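>>> Turn this into a model:
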Amino acid sequence: LAIERVKAHIPFASRTGAVIIIGLLRGLVKPGVSHAQAMDWLVAALRECCAEAAPYTVRLALEPICRYETSLVNNVAEGLALLDRVGAENLGLLLDTFHMNIEEPVIEESIRLGGDRIFHFHVADSNRWYPGAAHLDFRSILTALFDTGYNGFVSGEFLPQPDADTAAQRAIAYLRGLGL
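Okay, the predicted model is just below:
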């Protein structure tokens, strides 16, 4: 079902230049299934999806997600290892500052490690609110990102607190205020 869902997004992604995000769509390790078996299935599924997307020049971006939400690929190093196993040029990483704050000892070093394999970037502060609502150093984080040569989108994925419009306005004002 997940493979068919990804494949169904390919024509639209091709027309719009969008990446297809592989977040929780990748699934969880269920009781009775070993982590190794789940990873083998994930590798096979990603190879199939990447092969289908390649003729359309569509890229897929796998998001390392924190241990509280999945046990499959929690950090940048695990993400890069999975990319190497899949071996598809159109598969990269989507990094998310909320998850990185939980899983990465030093966010900036992990961004540098991801380098040119970063296909998309999500921002949220440590409390999952808009950037500037908590303690993450977005000037340092985004400087590290741009130093890799990244020139794609930086999108906000955060809770709509205190409401969606206010959160979006505050995120935009804060990020523009960094002057990067």
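
>>> Quick check: longest helix in the chain by residues?
helix 35-53 (DSSP state H).

>>> looking at this, Ser155 is in a strand?
Yes - assessed by DSSP: H, G, I helix; E, B strand; the rest coil, Ser155 belongs to a strand.

>>> Nearest residue to the middle of the protein?
Residue closest to the mean C-alpha point of the chain, counted by CA atoms, centre = their mean, is Leu94 at 2.2 Å.

>>> From Leu142, how far out is that one?
15 Å (CB to CB, to the nearest Å). Every residue, glycine included, has its C-beta placed from N, CA and C.

>>> Give the partner strands of the helix or strand where the residue nearest to the centre of the chain lies in its sheet and their orientations.
Leu94 belongs to strand 91-96 when assigned by DSSP states H and E. Partner strands for strand 91-96, per DSSP bridges, with pairing direction: strand 60-62 (parallel), strand 118-123 (parallel).

>>> what's the helix or strand just after the shortest one packed up against?
The reference is to strand 60-62. Note on strand 60-62: by DSSP H and E, the next helix or strand toward the C-terminus is helix 76-86. Here helix 76-86 touches helix 35-53, strand 60-62, strand 91-96, helix 107-114, going by 3 or more CB pairs under 8 Å, 6 or more residues apart in numbering; DSSP states H and E.

>>> List of residues touching helix 76-86?
Residues outside helix 76-86 that contact it (CB atoms under 8 Å, 6 or more residues apart in numbering) are 39, 42-43, 46-47, 50, 62, 64, 73, 91-93, 95, 100, 104, 110-111, 113-114, 117.

>>> run the last query once more with 6 Å
Val43, Leu46, Arg47, Leu62, Pro64, Val73, Leu91, Leu93, Ser110, Leu113, Gly114 (CB atoms under 6 Å, 6 or more residues apart in numbering).

>>> mind saving the C-alpha coords of that helix as CSV?
Only the C-alpha atoms of helix 76-86 are listed here, as CSV (Å, rounded to 0.1, in the frame of the first residue of the first chain):
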residue,chain,number,x,y,z
VAL,A,76,21.5,11.2,10.0
ALA,A,77,24.1,8.5,10.2
GLU,A,78,21.4,5.8,10.0
GLY,A,79,19.8,7.7,7.1
LEU,A,80,23.1,7.9,5.2
ALA,A,81,23.7,4.1,5.8
LEU,A,82,20.2,3.4,4.4
LEU,A,83,20.8,5.6,1.3
ASP,A,84,24.0,3.7,0.7
ARG,A,85,22.2,0.4,0.9
VAL,A,86,19.5,1.5,-1.5
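
>>> And it, what's buried?
Residues of helix 76-86 classed as buried by neighbour count (16 or more other CB atoms under 10 Å): Val76, Gly79, Leu80, Leu82, Leu83, Val86.
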